[in-house]
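> my questions concern the predicted model and sequence given below.
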Amino acid sequence: MNSKSFLLGTFRTGITLKGIDGLLEAVGGVLLWFIKPESLGWTLQQVFQHELSRDPHDFIAAHLLHVTEKFTSSDPLFASIYLLSHGLVKAVLALLLWMNKIWAYPLAIVVFLAFCVYQVYRYTHTHAVVLLMLTVFDVAIVYLTWEEYRVEKSRRSGRARA
């Protein structure tokens with residue numbers, strides 16, 4: 001496997017993960033719109049009760065319960081709109097990149113960099129390590145998108161001259 005096909009495969013995997021994450025965020029935004037945060041917290045407590053009784057330090061269960069506790073004290077409308085819009089933007093950009101729309105590459109780079117800036121800003125307030133992890137992932141996606149854009153642009157200009 002040469003480096004170009006490896007980068008293309010990594011790029012496709014990355015944007016697929018971005019797209020799936022975007023769809024999950026959008027679904028979460030819709031659910032948050034219709035489900036009261038208190039109900040969501042109670043439901044998650046019921047779902048994770050058995051797991052937490054076996055392992056009170058289970059990272060995923062504890063993290064999800066902590067997030068739902070924060071939602072109960074925040075504005076669910078803002079969180080819902082944020083998740084829905086953020087998720088749809090990521091899903092649409094991933095789809096456009098999969099469709100190989102050349103104009104979507106620079107747009108995706110700008111949008112994902114804006115997400116990085118916001119995540120670093122949020123990190124300065126929350127110190128949530130997961131924000132740094134997401135930022136590293138987003139920077140990697142930006143790099144892969146840039147590389148794929150250069151390859152695609154070069155391929156298209158070479159085809160135009162032929």
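Nice, thanks for sending it over.
> quick check: what element follows the helix or strand bottoming out on mean pLDDT in the chain along the chain?
Across the helices and strands of the chain, mean pLDDT, DSSP states H and E gives its lowest value to helix 59-73, namely a mean of 69. Proceeding N to C from helix 59-73, the next assigned helix or strand is helix 76-98, under DSSP states H and E.
> the helix or strand following that next one vs helix 76-98, what angle?
Using DSSP H and E, the helix or strand that follows helix 76-98 in sequence is helix 104-126. Using axes from the mean of the first three to the mean of the last three C-alpha atoms, to 10 degrees, the inter-axis angle of helix 104-126 relative to helix 76-98 is 150 degrees.
> show me how far helix 104-126 is from its chain's centre.
11 Å (C-alpha atoms, centre = their mean, to the nearest Å).
> list the buried residues of stretch 12-24.
Across stretch 12-24, burial judged by 16 or more other C-beta atoms under 10 Å covers 14, 15, 18, 19, 21, 22, 23. All C-beta spots, glycine's among them, are computed from the backbone N, C-alpha and C.
> how about CSV for those, with pLDDT, secondary structure and distance to residue 56 added?
Shown next, in CSV, are these (pLDDT from 0 to 100; DSSP: H, G, I helix; E, B strand; the rest coil; distance: C-beta to C-beta, whole Å):
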residue, pLDDT, secondary structure, distance to residue 56
14, 93, helix, 35
15, 95, helix, 37
18, 94, helix, 33
19, 94, helix, 35
21, 92, helix, 28
22, 93, helix, 32
23, 94, helix, 32
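> need those residues in JSON lines with distance to residue 88, can you?
Output for the buried residues of stretch 12-24, formatted as JSON lines (distance: C-beta to C-beta, whole Å):
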{"residue": "14", "distance to residue 88": "18"}
{"residue": "15", "distance to residue 88": "15"}
{"residue": "18", "distance to residue 88": "12"}
{"residue": "19", "distance to residue 88": "11"}
{"residue": "21", "distance to residue 88": "12"}
{"residue": "22", "distance to residue 88": "7"}
{"residue": "23", "distance to residue 88": "9"}
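> give me the neighbour count for residue 49.
10 (other C-beta atoms under 10 Å).
> what residue ranges in the protein score low on pLDDT?
1, 37, 40-41, 64, 67-74, 159-162 (pLDDT under 70).
> for residue 89, see how far away residue 108 is.
Using C-beta to C-beta, to the nearest Å, residue 108 is found at 10 Å from residue 89.
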